[in-house]
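Trainee: Model the structure of this input:
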Amino acid sequence: MAAIGIQGATDSLMAGGTFSSGPQKGVYHIIVQEASKSESKSSNRPQLVLDLFGKDDPDHPAKNGKRVTKVYQSFPMDGDDLDKADTMRGMLKRLIYDGFGSKWPTEAKPLDPRSLQGKEAWILIGDGKDK
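Mentor: Below you'll find the predicted structure:
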């Protein structure tokens, strides 16, 4: 039986080797510095882009006022099957709405990214263990 590769993966997607930047594993207190809409370059899938900066974090004072990470959350789009669309909405609810303590709308309506600017939360990067 022949091995089946991941569809759409290219040779340019490489991981491993040395690295020098990025946040360390752990829990960070963040604020949404900027929130905007975008589209993925590969599939034109709509995305929410959140720029997360450190804020008043006693465990990571060097990150105060500096970017901790940038988050891209994809949305369902026309043509997605029902299961995929439901799964993507579930991820959006758990990661964004529940994560920032916002109420999930009972009916679908447009999201204004500006409503997320200034929101604060604690996020976990990596496994949260000091290794």
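Trainee: what ranges do the strands span in this structure?
Mentor: For the chain, the strands defined by DSSP state E occupy 26-39, 46-54, 67-74, 120-125.
Trainee: From the chain's centroid, how far away is the second one?
Mentor: Meaning strand 46-54. How far strand 46-54 lies from its chain's middle: 6 Å, per CA atoms, centre = their mean, to the nearest Å.
Trainee: Next, the angle strand 120-125 makes with that strand.
Mentor: Orientation of strand 46-54 against strand 120-125 (axes from the mean of the first three to the mean of the last three CA atoms, to 10 degrees) gives an angle of 100 degrees.
Trainee: Residues touching stretch 58-77, excluding its own?
Mentor: For stretch 58-77, the surrounding residues in contact (CB atoms under 8 Å, 6 or more residues apart in numbering) are 22-24, 26-30, 33, 38, 40, 44-57, 84-85, 88-89, 91-92, 95-96, 123, 125. Glycine gets a C-beta too; all of them are placed from N, C-alpha and C.
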